[in-house]
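>>> Give the three-dimensional model of this entry:
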Amino acid sequence: MASLALIVSLAVCAVGVASGLWGLWLWWRFDADQRYWVAVRATQVGALALVLLAGVVYIGGDKPDGWLFWIYTLVPIAVSFVAEQMRLIAADQVLERRGLEGAADVETLDAAGQRGVVREIVRREIGIMTTSAFVIAFLALRVVAERGGL
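Have a look, this model is predicted:
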């Protein structure tokens, strides 16, 4: 079971790095791709799977030598939650920065202005989720390092 935790940790790290690099590319290009959000969700699901597997391994009797293992295993869930909350307020921040009250104000802009607002919101969301993917990947890699104590 402990070797399965190692494999899952490596998989979460790989998916996190891949989605992070993809997000970095999209962010840099001011581009949006619906498939990117699937990769981000895969990273988050992987982090959840790692927590659940670590719990099963713990119940099965393989206990880690140190508490750092649990920090590296549980913090990605908190990172995902915080990133989702930040993503939700990204639109409000962009609108506030531009002096717009809401969707009704955005509709008064010309087509280019509306596209600019949407692109800025999406870029901010991609930046947030890309950062979270890299953090999750790093923490999964730390789980691999600490897994030696399992």
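>>> how about low-confidence regions in this structure?
Across the chain, residues meeting the criterion (pLDDT under 70) sit at 1-2, 147-150.
>>> Check which helices and strands the longest helix anywhere in it is in contact with.
Counting by DSSP state H, the longest helix found in the chain is helix 111-146. Helices and strands touching helix 111-146, by 3 or more CB pairs under 8 Å, 6 or more residues apart in numbering; DSSP states H and E, are helix 2-29, helix 34-59, helix 68-97, helix 103-107. Bear in mind the C-beta positions are built from the backbone N, C-alpha and C, glycine included.
>>> do that again at 6 Å, thanks
On a contact count with 3 or more CB pairs under 6 Å, 6 or more residues apart in numbering; DSSP states H and E, helix 111-146 meets helix 2-29, helix 34-59, helix 68-97.
>>> Quick one: closest of these to G127.
Closest to G127 of the helices and strands packed on helix 111-146 is helix 2-29 (CB to CB; 5.1 Å).
>>> Buried residues, the closest one. List them.
For helix 2-29, the neighbour count (16 or more other CB atoms under 10 Å) marks 2, 5, 8-9, 12-13, 15-17, 19-20, 22-24, 26-27 as buried.
>>> and what of stretch 119-134?
Under the neighbour-count criterion of 16+ other CB under 10 Å, stretch 119-134 has 120-134 buried.
>>> same thing with stretch 106-121?
Those would be 106, 116-117, 120-121, for stretch 106-121 by 16+ other CB under 10 Å.
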